[in-house]
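Q: Got a predicted model here, sequence first, then my questions.
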Amino acid sequence: MRHLMSPLDFSTEELDRLFDLASDIEKNPDKYSKVCEGKKLATCFYEPSTRTRLSFESAMLSLGGDVLGFSDAACSSASKGESVSDTIRIISCYADICAMRHPKEGAPMVAASKSGIPVINAGDGGHQHPTQTLTDLLTIRSLKGRLNNFTIGLCGDLKFGRTVHSLINALMRYEGISFIFISPEELRIPDYIIDILNEKNISYKEVISLDDVMPELDLLYMTRVQRERFFNEEDYVRLKDFYILTREKMSKAKDDMLVLHPLPRVNEISVEVDDDPRAAYFKQVQYGVYVRMALIITLLESAKN
Ligand code: NCD
């Protein structure tokens, strides 16, 4: 039985198979509309979410399965002091697969170690968000036709943004990827990631100005400043509007550059950019459903053996 804790849990070959399945689901949704009949997905969300939870639920319903769960720790027995390990033992009796989001780094991993069903990390604190990464990779592969040989700019809150940490981890395994980290000094990418990039000799640079690097980018991954992970409101207010992607900034970018964003967006992409054909963040949401469908099928299959 397999779980998904980090994007590195799948080899690049396994990811290719997962993305092929997701693309087939996109083309032939009817073929998959009953494959999870009689199966149940539990969504255990101890932290707010719109997209990720609904995307999982939509994915399971599109596969003919059912969903149950909670969307707020206050509505679960966690509020009575129940441990994640106990909760997952209980959930294992009610469902066939579980997607868990938790504010504590590593909580889904603790759950997986005690679980009788596959557990998917749907975001753990500022650490990882592997299913967002699968979404990002499928979007890039579908719209660019490849997962290698490009320059990607990651912009905004690189310190607390778990989607960024997961995506860098995953992209490091592909050939010819060059990273440009665009952030204010206070929100720089963590040192442990820089250490890995240095160790693997992967090309990267850190800059503060988005304007300066815009013409170099094949992909721009914008992120929200993660208010809930700041220690004080004052710092958040000072940094929240540090980057705003506007039509004027887009005029400096390549004609085929793609703009991605895990969403929710706050102010960092002006709505006037939404109509630009290079804005891919709403398409990304749809790819997120296909890839979660493919993931549910794959992990349920692994639990059979
Ligand atoms: C992201 C998250 O939860 O980390 N959202 C998402 O799942 N699509 C990004 C964010 O909250 O900024």
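A: Good, I have the coordinates.

Q: Residues of the stretch 201-305 of the chain that sit close to the ligand?
A: 224, 262, 263 (CB under 6 Å from any ligand atom). To be clear about C-beta, it is placed using only N, CA and C from the backbone, and glycine gets the same treatment.

Q: The last one and residue 281: what is the separation?
A: Right, residue 263. Separation of residue 263 from residue 281 (CB to CB, to the nearest Å) stands at 6 Å.

Q: Could you do the first one as well?
A: Residue 224 is 12 Å from residue 281, where distance means CB to CB.

Q: so what's in contact with the two at the same time?
A: Common neighbours of residue 224 and residue 281, using CB atoms under 8 Å, 6 or more residues apart in numbering, are 261, 265.

Q: burial count for the residue of the stretch 101-250 of the chain found nearest the ligand?
A: For the stretch 101-250 of the chain and the ligand, the shortest gap (CB to the nearest ligand atom) falls at residue 224, measuring 4.0 Å. A count of nearby residues for residue 224, using other CB atoms under 10 Å, gives 20.

Q: Okay, domains of the chain per the record?
A: 7-128+288-304, 131-284 (automatic domain parsing).

Q: Tabulate those (JSON lines), appending mean pLDDT.
A: Compiled in JSON lines, the domains of the chain are given as follows (pLDDT from 0 to 100):
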{"stretch": "domain 7-128+288-304", "mean pLDDT": "94"}
{"stretch": "domain 131-284", "mean pLDDT": "96"}
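
Q: what helices or strands is the longest helix seen in the chain leaning on?
A: Longest helix in the chain by number of residues (criterion: DSSP state H): helix 281-304. Where contact means 3 or more CB pairs under 8 Å, 6 or more residues apart in numbering; DSSP states H and E, helix 281-304 is packed against helix 12-27, helix 51-62, strand 97-102, helix 130-144, strand 258-260.

Q: Tell me the buried residues in that helix?
A: The neighbour-count check on helix 281-304 (16 or more other CB atoms under 10 Å) flags 281, 284-285, 287-300 as buried.

Q: Then stretch 44-59?
A: Buried residues in stretch 44-59, counted by 16+ other CB under 10 Å: 44-47, 49, 51-59.

Q: start to end distance for it?
A: 16 Å (CA to CA, to the nearest Å).

Q: cool, and stretch 21-39?
A: Start-to-end span of stretch 21-39 (CA to CA) is 19 Å.

Q: Tell me which residues are up against that stretch.
A: 60, 62-66, 96-97, 138, 142, 287, 290-291, 293-294, 296-298, 300.

Q: for that stretch, which positions count as buried?
A: Result for stretch 21-39 [16+ other CB under 10 Å]: buried residues 21, 22, 23, 25, 26, 32, 35, 36, 39.

Q: Pipe these into CSV and attach distance to the ligand per row.
A: Converted to CSV, those look like this (distance: CB to the nearest ligand atom, whole Å):
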residue, distance to the ligand
21, 21
22, 17
23, 21
25, 20
26, 19
32, 23
35, 25
36, 22
39, 23
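
Q: tell me the two of those residues that are most distant?
A: Farthest pair in the buried residues of stretch 21-39 (CB to CB) is 23 and 39. Separation: 22.4 Å.

Q: Relative to residue 87, how far out is residue 302?
A: Applying CB to CB to residue 302 and residue 87 gives a distance of 22 Å.

Q: can you check residue 117 too?
A: 12 Å.

Q: Residue 62 now?
A: Relative to residue 87, residue 62 is positioned 27 Å away (CB to CB).

Q: Give me the more crowded residue out of these two.
A: residue 87 (22 against 19).

Q: Would stretch 89-104 count as contacting the ligand?
A: No - using CB under 6 Å from any ligand atom, stretch 89-104 stays clear of the ligand, coming no nearer than 7.5 Å.

Q: That stretch: which residues count as buried?
A: Buried, per 16+ other CB under 10 Å, within stretch 89-104: 91, 92, 95, 96, 97, 98, 99, 100, 101, 102.

Q: centre of the chain versus that stretch, how much separation?
A: Taking CA atoms, centre = their mean, to the nearest Å, one finds stretch 89-104 lying 19 Å from the centre of the chain it belongs to.

Q: Would you work out how far apart the start and end of that stretch are?
A: End-to-end distance for stretch 89-104, by CA to CA: 19 Å.

Q: And stretch 217-233, by the same measure?
A: 32 Å.

Q: interface residues of the stretch 1-150 of the chain facing the ligand?
A: Residues of the stretch 1-150 of the chain lying near the ligand (CB under 6 Å from any ligand atom): 51, 52, 123, 129, 132.

Q: got those as JSON lines, with distance to residue 271 columns?
A: As requested, those are exported to JSON lines (distance: CB to CB, whole Å):
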{"residue": "51", "distance to residue 271": "18"}
{"residue": "52", "distance to residue 271": "23"}
{"residue": "123", "distance to residue 271": "26"}
{"residue": "129", "distance to residue 271": "25"}
{"residue": "132", "distance to residue 271": "22"}
